[in-house]
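Novice: Model the structure of this input:
(one chain, ligands or ions: 1)
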Amino acid sequence: MDSNKKIVAEKAVDEIKDGMTVGLGSGSTVYWMLQALGERVKDGLEIVGIPTSQKTEKLAKELGIPLADFSSVDGIDLAIDGADEVDPHLNLLKGGGGSLVREKIVDILAKRLIIIVDETKVVDYLGTFSLPVEVVPFGWETTSKRIAEYGCLPRRREQNGEAFISDNGNYILDCDFESIEKPAELHENLKKLVGVVETGLFINMADVVMVGHAGMVDVLT
Ligand code: 5RP
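Specialist: Residues are numbered from 1 along each chain as shown. Prediction:
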């Protein structure tokens, strides 16, 4: 339900303080976070945002949120991002919106990473949601076969009948696993394959997961 996304997004914005450099995630939950942040900025909050996707950059600009070039900042105080699945160890599966590479680059640099989700994203094991893996277009069919050897069925993501192209000019393979019991090991193995740019497994990165449900927010640490 969108109201749970909105509630959790607004709660997370309370963590943003004057003077912070803030990583701005991507997705429909982050949409609500940007709306609330835009209001706070109008009221005088002074922050600088680092967007994790072209979509987030466009919306943040429309809302008057000041942005900085990623290469111009020394560090990120706080990042707020969404997720497609969260397991009990706060490992994440991300990339449903296709922004996993930039999200990982920004989120990993943040001193604190807050993940905002609704209750439908909390799972016992990752992998019900297809795992997005970003790959270089050249030779993607071969890369896909190597990925499949880890027990999944990869599908190249399509949009309007054509290959989906990430913000980095790459393809996304959505990989159907039955369940991912060892996400850290799978991530390491997939990363070793030539042609794989990044996986949507975010291991040991989240400091806090805020979960919106029934109009309330649970905080998992
Ligand atoms: C995009 C992502 C998003 O954070 C993830 O898909 C969650 O999106 P939403 O809040 O729309 O459910 O990883 O690459």
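Novice: What parts of the chain come near the ligand?
Specialist: 25-29, 81-84, 94-100, 103 (C-beta under 6 Å from any ligand atom). All C-beta atoms are positioned from the backbone trio N, CA, C, and that covers glycine.
Novice: So which of the residues you listed are in strands?
Specialist: residue 81 (DSSP state E).
Novice: Can you tell me which of the residues of the chain next to the ligand are classed as buried?
Specialist: 25-27, 29, 81-84, 94-100, 103 (16 or more other C-beta atoms under 10 Å).
Novice: Give me the below-cutoff pLDDT ranges for the protein.
Specialist: 1 (pLDDT under 70).
Novice: Following the helix ranked longest in it in sequence, what is the next regular element?
Specialist: Assignment by DSSP state H gives helix 28-42 as the longest helix of the chain. Going down the chain from helix 28-42, the next helix or strand is strand 48-51, by DSSP states H and E.
Novice: which residues touch that next one?
Specialist: Here strand 48-51 makes contact (C-beta atoms under 8 Å, 6 or more residues apart in numbering) with 20-24, 37, 57, 60, 65-68, 70, 73, 76, 79, 106.
Novice: Pull out the buried residues from those.
Specialist: 20, 21, 22, 23, 24, 37, 57, 60, 65, 76, 79, 106.
Novice: Which pair of the residues you listed spans the longest distance?
Specialist: 20 and 57 (18.0 Å; C-beta to C-beta).
Novice: Out of the buried ones among the residues of the chain next to the ligand, which sit inside helices?
Specialist: Short answer: these in helices (DSSP H) are 29, 100, 103.
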